[in-house]
Structure formats: structure tokens, C-alpha cells
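Chemist: What shape does this take:
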Amino acid sequence: RQLVADTAYDVTVLVSPVTVNATVLAAALGNLAAEGVTATSTETDPTEELRAIPGIDTSSVDSLAADAAVAAEATSAARVAEKTWVPPPPSPLPPVSPPPSPPPSPPPILIRED
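Modeler: Modelled structure (predicted):
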């Protein structure tokens, strides 16, 4: 156990601000510091990290970044639309009813009158 405690480690943890909020991240960094772990926090652009990987085609990364920007904008617009109340269209006027039917004809007279 002592051997593990005396060994230094370099660990990289990537978190998304979409899934991990700032309060939770600050608490995690505080817990690490309480245990004597030196932690640093940086913000990086994921596309720049991809471009740094040897063998990755930069045009593919550019295409991914453009598609991600379009998707992010569409997601943002959808969230706004979900929260925006749009009144329903007004009800159409009720249909005009046809005039009433005439009364029925009287029955035929079957007895001969003299």
C-alpha cells in the first residue's frame, strides 16, 4: 500500500459541462484536494483536441465541427420553442344550418265526397 501512495500519477479526466455542472465539478476537485491530490482544471475545445491526434484528417474534423454547430443551434432553437407558448388558432365559425324542412303534406283523402 505504501508503494502505491508514494507513486505519482498523471490522470486526465474529460467532463462535459452539459452533464457535469460547475457545482459538482468544484466539489470533486475539493474532495481530491482534501485527500492531498493536486488537481488542475482546464477548458479545451474538443475539435482542437481531435486535430492534435496524429493521423486525423483535419477536413473531417472541420466537417464534424460544422455539423456540431448546426446541431447545437437546432437544439437551442428547439429548447426555446418548447418554452414558447403559441396560442392555438381561433376556432372557425360554427357551420350555418340549413333552413328547416317544410311540414309534410296532408294525407290523401280516401273517401269520396258527394
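
Chemist: What residues sit buried inside the helix or strand encompassing A69?
Modeler: A69 is part of helix 58-83 when elements are defined by DSSP states H and E. Residues 61, 65 are the ones in helix 58-83 that count as buried (16 or more other Cβ atoms under 10 Å). Just so you know, the C-beta spots here come from the backbone N, C-alpha and C atoms, and that holds for glycine as well.

Chemist: which helices and strands does it pack with?
Modeler: In this structure, helix 58-83 packs against helix 46-51, with contacts taken as 3 or more Cβ pairs under 8 Å, 6 or more residues apart in numbering; DSSP states H and E.

Chemist: other SSEs contacting the helix it packs on?
Modeler: Under the contact criterion of 3+ Cβ pairs under 8 Å, 6+ apart, helix 46-51 touches helix 58-83.

Chemist: how distant is the helix it packs on from the center of its chain?
Modeler: Distance of helix 58-83 from its chain centroid, counting by Cα atoms, centre = their mean, to the nearest Å, is 11 Å.

Chemist: so what's the spatially most central residue of the chain up against?
Modeler: The structure's the chain has its C-alpha centroid closest to T75; by Cα atoms, centre = their mean the separation is 5.1 Å. With contacts taken as Cβ atoms under 8 Å, 6 or more residues apart in numbering, T75 has no neighbouring residues.

Chemist: quick one: N21 from V15, how far?
Modeler: 10 Å (Cβ to Cβ, to the nearest Å).

Chemist: for D6, that is, sorry about that
Modeler: Taking Cβ to Cβ as the criterion, D6 is separated from V15 by 28 Å.

Chemist: Which one's more surrounded, these two?
Modeler: In terms of neighbours (other Cβ atoms under 10 Å), V15 is the more surrounded of D6 and V15; the figures are 12 against 7.

Chemist: Flag the shaky bits of the chain, pLDDT-wise.
Modeler: Low-confidence segments of the chain, defined by pLDDT under 70, are located at 1-5, 112-114.

Chemist: could you redo the last one with a cut-off of 80?
Modeler: Along the chain, the parts satisfying pLDDT under 80 run over 1-9, 41, 95, 108-114.

Chemist: Number of residues surrounding the residue lying closest to L64 once chain neighbours are set aside?
Modeler: Nearest non-adjacent residue to L64, counting by Cβ to Cβ, 6 or more residues apart in numbering: T47, 6.9 Å away. If you count neighbours by other Cβ under 10 Å, T47 ends up with 16.
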